[in-house]
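1. the following block contains a protein sequence and its predicted model.
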Amino acid sequence: MTKLSVNINKLATLRNARGHNRPDILQAARDIERFGAEGITVHPRPDERHIRYQDVRDLKSTVTTELNVEGNPTPDFLALCREVRPEQVTLVPDAPDAITSNAGWDVITHRSFLQDVVAELKGLGARVSIFLDPDLALVEGAVATGTDRIELYTEAYARHYLQDREAAVAPYRATAARAGQLGLGVNAGHDLDLDNLAWLHLQLPELAEVSIGHALVCDALYLGLENTVQLYLRQLK
Ligand SMILES: CC(=O)[C@@H](O)[C@H](O)COP(=O)(O)O
Ligand SMILES: NCC(=O)COP(=O)(O)O
């Protein structure tokens, strides 16, 4: 079974557009869980342009499924993880000014750094996942960090899906299969949507979790949040 973790960054973007608390992202997280999602994902960025560090603290006592906190393990981010102890931490090598995540880890170059970070986070009780490009050559490097899971960066899959879905998914299928053989769990995320999700799910039997935000929140503007969460869940059946 593949779990759906809803990324609520874009609800915080909307809230931050005014100085008030509308939409209330804590209430939204509760509702998203009530509508059937199995996790809530947030990606606090250093400029706090959407999710704020205080949101992560507040979400920890609100979320009853699993809180997945994504980010680059800077000293501030690690201090937040020590305080909040999320169920899952997804390490993403973002530059502070990145518009959105745009690459997975170079797990070879950063092996020793990642080993230290993964060990500390696991010591806090978190499951750790490492954001990774779909590249077979990287899987053993990911194993060497001690991570529990990888999160496959699906931007390229989403970009090529409509042209040739078989070619688009092939590197993901191979990378997920290798990860599974080596004992790593497999998550996926970035630009997944109602068009491309079912095919990825069908082709990757290892897929434990998808985290989806941007497209899901856009769809919710037209379809409503409850209906949208359920439509995404249906793609994972
Ligand atoms: C890690 C990842 O794939 C990202 O998609 C991220 O969580 C989204 O962040 P933004 O909402 O800031 O684009
Ligand atoms: N880890 C990916 C994520 O949380 C959401 O990415 P996106 O759906 O906003 O592109």
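-> All right, it came through fine. Ligands and ions are numbered 1, 2, ... in the order given.

2. which residues touch V92?
-> The contact partners of V92, by Cβ atoms under 8 Å, 6 or more residues apart in numbering, come to H43, E70, G71, N72, S101, F131. All C-beta spots, glycine's among them, are computed from the backbone N, C-alpha and C.

3. what about L91, distance to ligand 1?
-> 10 Å (Cβ to the nearest ligand atom, to the nearest Å).

4. I meant A28, not that one.
-> Taken as Cβ to the nearest ligand atom, the span from A28 to ligand 1 is 15 Å.

5. again, but for G123
-> On the measure of Cβ to the nearest ligand atom, G123 and ligand 1 end up 23 Å apart.

6. what about that residue, neighbour count?
-> If you count neighbours by other Cβ atoms under 10 Å, G123 ends up with 9.

7. what does the chain have sitting close to ligand 1?
-> Along the chain, the residues adjacent to ligand 1 under the rule Cβ under 6 Å from any ligand atom are N7, N9, H43, R45, E70, V92, T100, S101, F131, G189, H190, G213.

8. swap in 5 Å and give it another go.
-> Residues of the chain found near ligand 1 (Cβ under 5 Å from any ligand atom) are N9, H43, E70, V92, T100, S101, G189, H190.

9. among these, which ones lie close to ligand 2?
-> With Cβ under 5 Å from any ligand atom as the criterion, these include G189, H190 near ligand 2.

10. what subset of the residues of the chain next to ligand 1 is buried?
-> N9, H43, E70, V92, S101, G189, H190 (16 or more other Cβ atoms under 10 Å).

11. turn those residues into JSON lines, including pLDDT, distance to L136 and secondary structure.
-> Shown next, in JSON lines, are those (pLDDT from 0 to 100; distance: Cβ to Cβ, whole Å; DSSP: H, G, I helix; E, B strand; the rest coil):
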{"residue": "N9", "pLDDT": "98", "distance to L136": "30", "secondary structure": "helix"}
{"residue": "H43", "pLDDT": "98", "distance to L136": "26", "secondary structure": "coil"}
{"residue": "E70", "pLDDT": "98", "distance to L136": "24", "secondary structure": "strand"}
{"residue": "V92", "pLDDT": "98", "distance to L136": "21", "secondary structure": "coil"}
{"residue": "S101", "pLDDT": "94", "distance to L136": "21", "secondary structure": "coil"}
{"residue": "G189", "pLDDT": "98", "distance to L136": "19", "secondary structure": "strand"}
{"residue": "H190", "pLDDT": "98", "distance to L136": "19", "secondary structure": "coil"}
